[in-house]
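[1] sequence first, then the predicted structure:
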Amino acid sequence: MRVYLDNAATTPLDKEVLEAMLPFMTDHFGNPSSIHGHGSKVRAGIEQARKKIASLLNTSPSEIFFTSGGTESDNMAIRSAIRTHKLTHAISSHIEHHAVEHTLGELEKNGEIKLSFVNIDAKGNVDLAHLRELLATHPRSLVSLMHANNEIGNILDIEAVGNICEEFNAYFHSDTVQTVGHFPIDLQKIKVHSINAAAHKFHGPKGVGFIYIKNDAKIQPFITGGAQERNMRGGTENVYGIVGLAKALEIASNEMENHTHHILSLKTYMIDRLKEIFEGDIAFNGESANLSHSLYTVLNVSLPASADNDMILFNLDIHKISASGGSACSSGSDVGSHVLRAIKANPARANVRFSFSKYNTKEEIDYVVEKLAAIYHIENVMA
């Protein structure tokens with residue numbers, strides 16, 4: 001059996017999404033910036049996708065701009081907001097995605113901003129009282145806090161943060177890469193200036209995403225060189241990627257309730273089985289085991305201390321199980337997870353992020369638990 005439990009890194013492409021993309025890979029090949037028939041047909045496909053996404057998020061199509069994915073969108077939101085609105089101070093946390101953390105760090109190093117970090121508790125939850133204190137001292141700041149953490153599954157009260165930011169006239173950006181397509185998002189109810197998404201996190205194609213920029217908080221372009229995306233993002237659009245993004249989000253939104261129920265049942269089952277097999281010598285990082293207040297797609301497991309902890313992902317891979325040791329976006333690095341360091345996770349234990357999708361099954365969970373037990377030399381494991 002081959003088991004894929006690294007869906008927070010990327011998800012398999014939905015076949016319906018591929019079917020929607022194929023005509024724009026073959027028949028509809030014109031450049032969308034061209035005024036002839038071939039180009040206008042493709043331009044229509046892009047605008048239909050924009051309208052669909054805007055409708056699903058309850059916003060205006062004029063506030064949706066297509067990008068190459070979450071990382072570009074984070075960079076665009078942060079760098080352009082700071083420069084457009086002449087912001088000199090930013091507030092973030094120590095558990096943000098590197099697309100945010102590294103970008104803000106570079107801007108501080110270059111002297112463009114002063115950077116403050118909001119406190120987090122032992123599980124990685126943002127201290128909203130401290131955020132208020134920081135904004136009281138620096139009222140016109142950029143605030144960048146992710147909606148849900150890609151490693152430990154914590155969910156931010158994005159509405160509460162939006163209200164605090166509005167009170168202090170702050171510019172609020174939230175990385176929503178892990179929640180778009182998995183949780184309902186109503187942009188008329190959230191006081192946020194920009195959010196972002198990547199299609200491959202909800203069974204769409206890689207290399208395409210979008211950024212939402214509120215109309216009354218416009219920013220300068222991040223990539224120049226063309227009039228595409230209403231002069232906001234130069235470069236010929238990834239047409240079939242955009243079409244696939246819209247189709248994937250449509251499917252995810254229409255089937256969200258069923259997918260949530262299915263995936264949450266798998267996560268619950270895995271938690272129970274791990275507790276049973278390891279007889280209490282098991283823990284879960286952050287809020288990932290909190291079924292009512294975490295990403296239902298993510299379970300970050302703290303396994304027993306062992307001399308072979310450094311080999312855990314390798315050993316899982318030998319058994320044809322794909323998982324992650326934290327954020328897959330930094331795979332290949334020996335630095336380790338900055339998120340787990342920030343919450344002071346026990347370094348003597350192996351930490352593995354298992355992340356689920358609609359395609360996973362209970363039988364796969366049994367197989368993974370069985371192989372984990374074998375790796376830790378636990379006998380008599382019954383599915």
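    Structure's in. What do you need?
[2] now Ile378: closest residue in space that isn't a chain neighbour?
    By the measure of CB to CB, 6 or more residues apart in numbering, the closest residue to Ile378 outside its immediate chain neighbours is Ile277, 6.0 Å from it. C-beta coordinates here come from the backbone N, C-alpha and C atoms, glycine included.
[3] you'd agree Arg2 is up against Lys320?
    Yes. Contact criterion CB atoms under 8 Å: Arg2 and Lys320 qualify, at 4.3 Å.
[4] which of these two has more neighbours?
    Ranked by neighbour count (other CB atoms under 10 Å), Arg2 and Lys320 place Lys320 first, with 12 against 9.
[5] and the residue nearest to Ile378, what does it touch?
    Residues near Ile277 by CB atoms under 8 Å, 6 or more residues apart in numbering: Val369, Leu372, Ala373, Ile378, Val381.
[6] now which of these would you call buried?
    Buried subset of those (neighbour count, 16 or more other CB atoms under 10 Å): Val369, Leu372, Ala373, Ile378.
[7] need phi/psi at the second one.
    Comment: the main-chain dihedrals of Leu372 come out as phi -60, psi -40, following degrees, to the nearest 10.
[8] swap in the first one?
    Dihedral angles phi and psi of Val369 (degrees, to the nearest 10) take the values phi -60, psi -40.
[9] distance of the closest residue in space to His85 that isn't next to it in sequence from Asn75?
    What sits nearest to His85 in space, not counting adjacent residues and going by CB to CB, 6+ apart, is Tyr171, at 6.1 Å. Distance, Tyr171 to Asn75, by CB to CB, to the nearest Å: 15 Å.
[10] who's more crowded, these two?
    Neighbour comparison, Tyr171 and Asn75: the larger count goes to Tyr171, with 24 against 20 (by other CB under 10 Å).
[11] doesn't Lys218 make contact with the more buried one?
    No. With contact defined as CB under 8 Å, Tyr171 does not reach Lys218; the gap is 11.4 Å.
[12] contact partners for Lys123?
    Counting by CB under 8 Å, 6+ apart, the residues that Lys123 touches are Ile152, Asn154, Gly286, Glu287, Ile343.
[13] correction: the previous question concerned Val352.
    Shown in contact with Val352 (CB under 8 Å, 6+ apart): Asn300, Val301, Leu303, Ile312, Leu313, Leu316, Ala323, Ser324, Gly325.
[14] how about Gly244?
    Leu13, Val17, Leu18, Ala20, Met21, Ala199, Gly204, Pro205, Val208.
[15] let's see 10 Å
    Residues near Gly244 by CB atoms under 10 Å, 6 or more residues apart in numbering: 13-14, 16-22, 24-25, 49, 199-200, 203-206, 208, 238.
[16] save the contacts of Ile277 as TSV, and put in pLDDT too.
    Converted to TSV, these look like this (pLDDT from 0 to 100):
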residue	pLDDT
Val369	97
Leu372	96
Ala373	95
Ile378	85
Val381	61
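[17] just put the residues you listed in CSV and tack on distance to Lys358.
    Below are the contacts of Ile277 laid out as CSV (distance: CB to CB, whole Å):
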residue, distance to Lys358
Val369, 20
Leu372, 23
Ala373, 26
Ile378, 30
Val381, 27
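[18] next, count neighbours for Ala20.
    Ala20, neighbours per other CB under 10 Å, totals 22.
[19] right, I mislabeled it, should have said Glu63
    20.
[20] correct me if wrong: it contacts Gln188.
    No. In this structure, Glu63 is not within contact of Gln188 by CB atoms under 10 Å, at 11.1 Å.
[21] shared neighbours of these two, which are they?
    Listed as contacting both Glu63 and Gln188 by CB under 10 Å, 6+ apart are Leu57.
[22] in the chain, where is pLDDT below threshold?
    Applying pLDDT under 70 to the chain flags the ranges 326-335, 380-383.
[23] so it: which segments form each domain?
    Segmentation of the chain into domains, based on automatic domain parsing, reads 3-11+255-375, 15-254.
[24] circling back: okay, the contacts of Val352 in a markdown table with secondary structure and neighbour count next?
    Formatted as a markdown table, the contacts of Val352 follow (DSSP: H, G, I helix; E, B strand; the rest coil; neighbours: other CB atoms under 10 Å):
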| residue | secondary structure | neighbour count |
| --- | --- | --- |
| Asn300 | strand | 33 |
| Val301 | strand | 23 |
| Leu303 | strand | 19 |
| Ile312 | helix | 21 |
| Leu313 | helix | 19 |
| Leu316 | helix | 22 |
| Ala323 | coil | 23 |
| Ser324 | strand | 26 |
| Gly325 | coil | 22 |
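[25] send the alpha carbons of stretch 189-198 over as PDB?
    Provided in PDB are the C-alpha atoms of stretch 189-198 (Å, rounded to 0.1, in the frame of the first residue of the first chain):
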ATOM      1  CA  LYS A 189     -17.700  39.900   7.300                       C
ATOM      2  CA  ILE A 190     -13.900  40.000   7.800                       C
ATOM      3  CA  LYS A 191     -12.200  43.300   8.200                       C
ATOM      4  CA  VAL A 192      -9.100  42.300   6.300                       C
ATOM      5  CA  HIS A 193      -7.200  44.200   3.600                       C
ATOM      6  CA  SER A 194      -5.600  41.300   1.800                       C
ATOM      7  CA  ILE A 195      -5.700  37.500   1.800                       C
ATOM      8  CA  ASN A 196      -4.200  34.900  -0.500                       C
ATOM      9  CA  ALA A 197      -4.600  31.400  -1.800                       C
ATOM     10  CA  ALA A 198      -2.800  28.600  -3.700                       C
END
